[in-house]
Structures are given as structure tokens and as C-alpha cells.
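>>> sequence-free structure coming up:
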């Protein structure tokens, strides 16, 4: 019977025991989560500051690249003819020498002009300027400008170039000036 009569202390449940312990103050129980939240907030704020700094640096780099590209384009436009001008300098020197020559030998003058023309054509070739001289070729409105039409000769096909009045020029397959031509009429 002793077992049936337990004292009140023995009959107490673990829940009752927890209730009997002195209650922790609200400050001590909520202080740990608040400190953790503040640490998390500080970490998130530091990460946000880092990302913002990266954004600013990336934006500045982008603006620098854009500015450099504009400067490079401006320089390219400004000095685009530099190479071509360098190739033309010997031609100018030859023409000045011809003007300074006081001899009256026509053969020498003609030879000098022919040499100067070769220099000029070499300068054109170095700068990828090609001559359009289409005698006998089919008329091409993209490269030729017809000045007149003449009756076709017996062995000549219609719409072919009979004569070139002024040569045309291409630069890298783009027409600088079309050739002025006379074209054969259809029969």
C-alpha cells in the first residue's frame, strides 16, 4: 500500500517541475535571437555594400570602355587617309621635280610623266584603289555611266562598252567614281 499512497512530490510530472523553476527573464531569452538577427542584418548590409561597390566599378569601367571606343573611332576618322597620303608623297615629289625642270626635251618630260603615273598607280594599288577600264565589257550600271550610245559594229554585241571617256575607280569593291563610257546600241 505504500506504493498507492505517493506523496505529492513524487506524483509531480516533469511539466510541473518546469513550472516550479524560476522563470527566465524576457530579456535573457530574447537577447540571443536579437543578437543573431543583428549579426545577420550586418552581414547582409555588408554584402549589399559590396555588391553596390561592384556595380559602381562595373559602371565606371563600362563608361571608360565607351569613351575609349569613341576616341578610337575619332582617331580612325581623323587619320584614315594617312596611309594613302604617305603613298602619294612620292608622286607629289615627282610632280614638283617636273615643274622645276627647265629642259625643253619633250621626250624627257614624257618619260617623267609616265614614271609619275606609274608611281600614282602603285600608290592606288597599295591603298586598294582599282581602275575601272571596261572597254569591250558588258555595260554595268553599278560601275559605268553611259554618256552616249553608238550603233554596234558588226562583231560587237549590244550593251557593251565601246569607248571609255574617263576611267572609273573602285576602293575595296566600292565605286568611288563610275567610268564614263560609250555603249553599243542593240541592232
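Nice, I can see it. Keep in mind that this is a model prediction, so the values were computed, not measured.
>>> So which residue is dead centre in this protein?
Nearest residue to the geometric centre of the chain (CA atoms, centre = their mean): residue 69, 8.1 Å.
>>> which residues sit in contact with that one?
Residues near residue 69 by CB atoms under 8 Å, 6 or more residues apart in numbering: none. Every residue, glycine included, has its C-beta placed from N, CA and C.
>>> Now do the SS call for it.
Assigned by DSSP: H, G, I helix; E, B strand; the rest coil, the conformation of residue 69 is helix.
>>> how close does it get to residue 63?
Separation of residue 69 from residue 63 (CB to CB, to the nearest Å) stands at 11 Å.
>>> between these two, what contacts are shared?
With CB under 8 Å, 6+ apart, residue 69 and residue 63 have no common neighbours.
>>> thinking again about what came up before, how near is the residue nearest to the centre of the chain to residue 75?
Distance of residue 69 to residue 75, given as CB to CB: 11 Å.
>>> Residue 110 too?
From residue 110 across to residue 75, the span is 42 Å (CB to CB).
>>> Also residue 90?
As for residue 90, its distance to residue 75 is 25 Å (criterion: CB to CB).
>>> Those two: which has the busier surroundings?
Neighbours per residue, other CB atoms under 10 Å: of residue 90 and residue 75, the larger number sits with residue 90, 14 against 10.
>>> List the buried residues for the strand or helix carrying the more buried one?
Per DSSP states H and E, residue 90 falls inside helix 82-100. Neighbour-count burial for helix 82-100 flags 87-88, 91, 94 (criterion: 16 or more other CB atoms under 10 Å).
>>> Just give me the closest of those to residue 155.
residue 91 (39.5 Å; CB to CB).
>>> Surely that closest one is in contact with residue 119?
Yes - contact criterion CB atoms under 8 Å: residue 91 and residue 119 qualify, at 4.9 Å.
>>> Tell me where this structure has helices.
Using DSSP state H, the helices found in the chain span residues 14-20, 26-78, 82-100, 106-126.
>>> State the distance from residue 61 to residue 97.
Distance from residue 61 to residue 97, by CB to CB: 54 Å.
>>> could you dump the buried residues of helix 82-100 to CSV with distance to residue 54?
Listed next are the buried residues of helix 82-100 as CSV, based on distance: CB to CB, whole Å:
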residue, distance to residue 54
87, 49
88, 51
91, 56
94, 61
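>>> Tell me the one among these nearest to residue 151.
Closest approach to residue 151 among the buried residues of helix 82-100 (CB to CB): residue 91, at 40.2 Å.
>>> Distance of the closest one relative to residue 34?
According to CB to CB, residue 91 stands 86 Å off from residue 34.
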